[in-house]
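A.B. asks: model the following, please.
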Amino acid sequence: MPRPQTLLVGLGVVGRAIVRAHLTAGVSVTIADQAIAALERCIDEMDLNSSEWDVSEPRSDVADMAMIDLTRRDDVAVQTHPILIESIVERLQIKQDFFRRVERELCEDWIFCSNTSTLRIGDIAASLTDPSRLIGMHFFMPVKSRDAVEVIPTVDTVTANLAAVTEHVRRLDRSPLVVADAPGFIVNRMLSPYLNEAMLLLSQGATAEQIEQAALRYGMPMSPLELIDLIGSRTMFDAGRVYWQSFPTRIDPSPMLPAMIKRGRGGRYSGGGFYDYPDGHRSQRLSPAAVEIQEKYSRTTKAFLDDEVQSRLSLAMWIESALLLRQGVAHTLEEVEIAMAGGLGYRPRGGWCESFDRMGSDAIYRSIAVAAADSKSLQAPAELLELLLTCRPSEAIASYASVKHS
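C.D. replies: I've put the predicted structure just below:
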């Protein structure tokens with residue numbers, strides 16, 4: 001039986017979830033990691049049906065990694081190109097070194113994909129002799145319930161490679177969302193100010209319960225604080241740092257996240273974060289460590305109305321969508337809708353823009369005017385605010401975005 005034509009490197013929490021996405025779709029895959037223990041853990045978690053899947057013996061093949069083939073016996077699909085998907089540590093130099101090594105060992109038919117959530121694909125590709133081989137393939141957590149995958153070409157990407165990667169995403173029963181190679185792409189660009197806003201609200205007097213209920217009413221599947229735990233404090237910190245460095249006028253970074261990292265609160269899969277997770281279930285209240293950090297960084301606080309909390313969380317994203325559309329990161333509001341539903345689990349699917357139209361232009365204008373003094377993420381461009389005076393929120397975004405700039 002031939003070996004799979006998909007190689008997935010890096011078997012951390014996200015890497016294992018991507019492996020499961022392949023197996024669920026019946027797509028054969030070779031898994032690889034520097035540590036044989038990581039492969040064994042992955043195999044144990046997958047609980048493969050031995051009548052449907054062949055599991056090879058471990059070997060060392062590419063870049064001295066330990067590798068195991070997971071081959072579905074009735075998988076007859078033939079890819080136009082073999083594909084390597086990288087899901088290793090989120091450090092530019094490490095990723096560049098990795099791709100530089102595998103480029104020397106894998107023939108030119110191979111397409112390289114990075115699951116980076118924060119780094120520019122072009123920066124990673126700069127290490128390659130042939131940068132056209134590298135494309136972004138960004139999955140979202142939790143992978144099993146997020147059906148969008150951002151596909152990020154660079155200026156060097158050839159049409160055939162982009163077509164092969166989008167087709168691979170479809171083989172996984174996912175929706176490919178082709179986006180520009182810009183900081184945060186679409187989903188993390190929207191997510192960073194939203195999550196930071198939640199932490200700012202927590203330090204300004206809103207309660208964790210208010211924040212959670214506001215997020216659920218808004219349409220998100222969980223508390224933004226719980227989402228930080230799911231993504232991981234370090235990963236979210238790295239994503240937030242990229243956002244802040246790229247758009248310093250758009251965010252006042254909360255000190256709570258670096259404080260969580262210093263306290264060893266890495267998130268759900270690393271000893272707990274804002275919440276504890278005994279027996280895999282989230283605690284109802286903030287963890288004692290999170291409460292201490294909240295109290296340490298609380299300054300001038302006030303009692304928030306529930307609607308005020310919801311407005312600040314949602315409008316940070318509304319403003320960001322207008323900016324990224326104007327900058328050409330996404331091309332249409334429909335793409336933003338796909339990112340919100342397929343990447344972040346917003347519900348109802350396709351109802352994100354409509355929720356702001358229901359809120360109304362006047363209410364949005366007033367909410368931004370009140371909150372702008374407390375958060376950079378609620379400081380909207382004057383041109384966008386002026387459009388609110390004459391049209392619906394969705395129309396204001398579309399009109400503002402129609403004037404593209406670099």
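A.B. asks: send the alpha carbons of stretch 316-330 over as PDB?
C.D. replies: What follows is stretch 316-330 as a C-alpha-only set of coordinates in PDB (Å, rounded to 0.1, in the frame of the first residue of the first chain):
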ATOM      1  CA  ALA A 316     -14.400  46.100  18.800                       C
ATOM      2  CA  MET A 317     -15.000  43.500  16.100                       C
ATOM      3  CA  TRP A 318     -17.300  45.700  14.000                       C
ATOM      4  CA  ILE A 319     -14.700  48.400  13.800                       C
ATOM      5  CA  GLU A 320     -11.900  45.900  13.000                       C
ATOM      6  CA  SER A 321     -13.900  44.400  10.200                       C
ATOM      7  CA  ALA A 322     -14.300  47.800   8.500                       C
ATOM      8  CA  LEU A 323     -10.500  48.400   8.800                       C
ATOM      9  CA  LEU A 324      -9.400  45.000   7.400                       C
ATOM     10  CA  LEU A 325     -11.900  45.200   4.500                       C
ATOM     11  CA  ARG A 326     -10.600  48.600   3.600                       C
ATOM     12  CA  GLN A 327      -7.000  47.300   3.700                       C
ATOM     13  CA  GLY A 328      -7.900  44.400   1.400                       C
ATOM     14  CA  VAL A 329      -7.300  41.600   3.900                       C
ATOM     15  CA  ALA A 330     -10.800  40.300   3.100                       C
END
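A.B. asks: please enumerate the strands of the stretch 151-300 of the chain.
C.D. replies: Ranges of strands in the stretch 151-300 of the chain, per DSSP state E, counting those that start in this stretch, are 175-178.
A.B. asks: would you map the helices across it?
C.D. replies: Under the criterion DSSP state H, counting those that start in this stretch, the stretch 151-300 of the chain contains helices at 159-171, 187-204, 208-218, 224-231, 233-246, 256-262, 288-297.
A.B. asks: list the residues that contact residue 255.
C.D. replies: Contact partners of residue 255, counting by Cβ atoms under 8 Å, 6 or more residues apart in numbering, are residue 297. (Each C-beta comes from the backbone N, C-alpha and C, glycine too.)
A.B. asks: go on, the one 3 residues further on?
C.D. replies: By Cβ under 8 Å, 6+ apart, the contact list for residue 258 reads residue 237.
A.B. asks: closest to residue 351 out of the helices of the stretch 151-300 of the chain?
C.D. replies: Of all the helices of the stretch 151-300 of the chain, it is helix 208-218 that lies closest to residue 351, at 10.9 Å by Cβ to Cβ.
A.B. asks: am I right that residue 113 sits in a strand?
C.D. replies: Yes - counting by DSSP: H, G, I helix; E, B strand; the rest coil, one finds residue 113 located in a strand.
A.B. asks: who does the residue nearest to it when sequence neighbours are not counted bridge with?
C.D. replies: Nearest-residue entry for residue 113: residue 137, 3.8 Å, with adjacent residues in sequence omitted and distances by Cβ to Cβ, 6 or more residues apart in numbering. Residue 137 has these beta-bridge partners by DSSP bridges: residue 151.
A.B. asks: give me the pLDDT for residue 137.
C.D. replies: pLDDT, residue 137: 97.
A.B. asks: residues touching it, list them.
C.D. replies: Residues touching residue 137, when contacts are defined by Cβ under 8 Å, 6+ apart, comprise 85, 113-115, 149-152, 165, 168-169.
A.B. asks: repeat that for 10 Å
C.D. replies: With contacts defined as Cβ atoms under 10 Å, 6 or more residues apart in numbering, the neighbours of residue 137 are 18, 83, 85-87, 111-116, 121, 149-152, 165-166, 168-169, 172, 174, 176.
A.B. asks: same deal with residue 230?
C.D. replies: Going by Cβ under 10 Å, 6+ apart, residue 230 touches 13, 141-142, 222, 236, 267-269, 273, 277, 282.
A.B. asks: same thing but at 8 Å, please
C.D. replies: Listed by Cβ under 8 Å, 6+ apart, the contact partners of residue 230 are 141-142, 222, 267-268.
A.B. asks: go on, residue 75?
C.D. replies: For residue 75, the residues meeting the contact criterion (Cβ under 8 Å, 6+ apart) are 4, 26-28.
A.B. asks: list the buried residues for whichever helix or strand residue 371 is part of?
C.D. replies: Using DSSP states H and E, residue 371 maps to helix 361-371. Neighbour-count burial for helix 361-371, counted by 16 or more other Cβ atoms under 10 Å, picks out 361, 363-365, 367-368, 371.
A.B. asks: chain center to it, what's the gap?
C.D. replies: The chain centre lies 28 Å from the centre of helix 361-371; the measure is Cα atoms, centre = their mean, to the nearest Å.
A.B. asks: packing partners of that helix?
C.D. replies: Using 3 or more Cβ pairs under 8 Å, 6 or more residues apart in numbering; DSSP states H and E as the contact test, the elements touching helix 361-371 are helix 306-326, helix 382-388, helix 393-401.
A.B. asks: can you point out the buried residues in stretch 341-353?
C.D. replies: When burial is assessed from 16+ other Cβ under 10 Å, stretch 341-353 yields the following buried residues: 341-346, 352-353.
A.B. asks: can you redo these as JSON lines with secondary structure and pLDDT?
C.D. replies: What follows is the buried residues of stretch 341-353, written out as JSON lines (DSSP: H, G, I helix; E, B strand; the rest coil; pLDDT from 0 to 100):
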{"residue": "341", "secondary structure": "helix", "pLDDT": "96"}
{"residue": "342", "secondary structure": "helix", "pLDDT": "96"}
{"residue": "343", "secondary structure": "helix", "pLDDT": "95"}
{"residue": "344", "secondary structure": "helix", "pLDDT": "96"}
{"residue": "345", "secondary structure": "coil", "pLDDT": "96"}
{"residue": "346", "secondary structure": "coil", "pLDDT": "97"}
{"residue": "352", "secondary structure": "helix", "pLDDT": "97"}
{"residue": "353", "secondary structure": "helix", "pLDDT": "96"}
